[in-house]
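Asker: Need coordinates for the below:
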Amino acid sequence: MERWILHCDCNSFYASVEYALNPSLGTGPLAVAGDPKARHGIILAKNEAAKKYGIQTAETVWQALRKCPELKLVPPHHQEYEKFSLQINRIYREYTDLVEPFGLDESFLDVSGTLHLFGCDAKTLADRIRDRIRKEMHLTISVGVSFNKTFAKLGSDLKKPDATTFLPKEEIPRRIWPLPVGDLLYVGKASAEKLARLNIKTIGDLAAADPLLLHSHLGKAGLTLSKAARGEENDPVIPPEESGPAKSIGNGLTYPMDLEGKEEIRKEMLRLCESVCYRMHKEKLICRTVSIGWRTPDLKNKSRQGALDPPGRGVVAITDRLMELMESGGGFKGPVRALTVTAQSLAPEEETYGQLSFFQVEDPTEKKREKLEDAVFHLQEKFGKKAIGRALLMEDQTKEEEKAFLPFHGPKNF
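Answerer: Okay, here's the model as predicted:
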């Protein structure tokens with residue numbers, strides 16, 4: 001049976017959802033942004049019209065407004081993006097049960113075993129799915145169609161917006177190998193720079209390179225990239241229910257202004273830990289170890305890792321432990337440009353939280369705090385994240401600041 005993989009990528013997803021929810025926004029340049037009066041005043045996403053002005057994701061709002069004074073700004077509505085993502089993936093699953101989400105706005109589909117049910121080839125099926133998403137969800141998607149995940153993903157990037165790119169095996173040397181090596185999945189900036197020093201600048205150069213040379217400079221990743229460039233990647237499309245429990249859960253941010261001092265760093269660390277603990281709550285997991293990574297203004301990366309004793313998913317307990325680890329690594333001696341927190345050694349919550357030593361006594365206060373946090377997460381799931389939260393993290397969201405944004409009109413279809 002011939003193998004056909006689709007990579008479906010929603011175009012300008014956040015901005016497109018905002019249009020679907022509120023058509024009165026019009027068709028001009030629009031960006032989803034953090035509040036310009038708070039520390040989160042950066043561009044999170046933009047539409048095609050805004051891209052024409054050179055507006056970039058992660059640049060500050062004031063920089064974007066200098067490029068395009070008529071730019072419309074709307075605040076993010078993450079719960080609505082999640083709803084749209086779930087509905088879009090439900091549509092995908094009507095065409096195959098092998099659907100693997102790749103973030104909120106991307107998914108891989110293996111349609112090899114279901115094409116006969118629809119009486120068409122893979123490219124035609126991709127066009128049908130695009131048409132259905134456009135009509136039912138009022139969004140557009142770009143679809144790459146190829147024989148593996150690597151080239152399906154690359155194909156969806158070649159034509160945007162609202163397009164299908166078909167890449168059979170015989171066309172890879174002509175259409176893919178001349179492209180910059182950085183276009184290949186998992187070739188990041190650092191890897192591209194290492195490859196450039198080896199005079200490997202295109203995907204074709206990578207495909208032709210000696211795998212032993214790549215391994216000596218990039219380790220196991222070099223062999224993986226070599227196989228991908230030659231079209232030998234054959235990873236299966238794995239639905240979430242078959243992927244098994246996560247090995248780690250993390251979140252990180254690069255800040256538009258450097259963080260200064262323990263108080264400011266702790267506040268942002270608490271914000272990141274809340275998102276990580278919320279995901280552990282949803283997946284009914286606890287963690288046994290935690291790690292903190294930070295980047296200084298001179299772009300030096302530092303990290304520390306340690307045990308969480310006893311294991312759990314308490315926001316405050318994890319934040320306190322990470323603060324200890326960061327202090328031990330000298331993290332408070334200067335400004336911080338970026339933070340990343342990660343919960344590791346995950347286990348189901350029903351498993352024992354670890355055997356207590358003879359001298360160790362379980363902290364009842366911490367258990368009560370975790371139960372309270374779980375209750376807050378339940379309320380946020382039901383009524384939205386702004387309904388309840390820590391005063392320390394909600395103080396940025398004043399009424400005056402929210403007036404800076406256009407009104408949000410709730411969804412009509414969900």
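Asker: Spatially nearest residue to G54, not counting backbone neighbours?
Answerer: The shortest distance from G54 to any non-neighbouring residue, by CB to CB, 6 or more residues apart in numbering, is to K67 (5.6 Å). Glycine gets a C-beta too; all of them are placed from N, C-alpha and C.
Asker: Tell me which residues are up against the lengthiest helix in the chain.
Answerer: If you go by DSSP state H, the chain has its longest helix at helix 261-282. Defining contact as CB atoms under 8 Å, 6 or more residues apart in numbering, one finds that helix 261-282 is touched by 249-253, 255, 259, 286-287, 292, 313-316, 318-319, 322-323, 326, 331-332, 336, 339-343, 346, 373-374, 377, 380, 390, 392-393.
Asker: quick check: mean pLDDT across it?
Answerer: Taken as a whole, helix 261-282 has a mean pLDDT of 90.
Asker: Repeat that for stretch 49-68.
Answerer: 90.
Asker: gap between that stretch and the chain center?
Answerer: 21 Å (CA atoms, centre = their mean, to the nearest Å).
Asker: Buried ones in it, by neighbour count?
Answerer: 49-51, 53, 55, 59-61, 64-65, 68 (16 or more other CB atoms under 10 Å).
Asker: I129 contacts Y92, doesn't it?
Answerer: Yes. I129 sits in contact with Y92 when judged by CB atoms under 8 Å, with a separation of 7.1 Å.
Asker: Going along the chain, name the helices of the stretch 101-250 of the chain.
Answerer: 115-118, 122-137, 149-158, 172-175, 189-197, 203-208, 211-218, 220-229 (DSSP state H, counting those that start in this stretch).
Asker: Could you dump those into TSV and include mean pLDDT?
Answerer: As requested, those are exported to TSV (pLDDT from 0 to 100):
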stretch	mean pLDDT
helix 115-118	96
helix 122-137	97
helix 149-158	96
helix 172-175	96
helix 189-197	90
helix 203-208	97
helix 211-218	93
helix 220-229	93
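Asker: among the ones you listed, which is the most enclosed?
Answerer: Across these, averaging neighbours per residue (mean count of other CB atoms under 10 Å) puts helix 149-158 on top, at a mean of 23.
Asker: And that helix, what does it pack against?
Answerer: Judged by 3 or more CB pairs under 8 Å, 6 or more residues apart in numbering; DSSP states H and E, the packing partners of helix 149-158 are strand 5-10, strand 106-110, strand 141-146, strand 164-167.
Asker: Now do the same for the shortest one: mean pLDDT, whole number.
Answerer: Mean pLDDT, strand 164-167: 98.
Asker: What is that strand packed up against?
Answerer: Looks like strand 164-167 contacts helix 122-137, strand 141-146, helix 149-158 (3+ CB pairs under 8 Å, 6+ apart).
Asker: Can I get the ones you listed in JSON lines including distance to E242?
Answerer: JSON lines is the format used below for the helices and strands packed on strand 164-167 (distance: least, CB to CB, whole Å):
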{"stretch": "helix 122-137", "distance to E242": "22"}
{"stretch": "strand 141-146", "distance to E242": "22"}
{"stretch": "helix 149-158", "distance to E242": "16"}
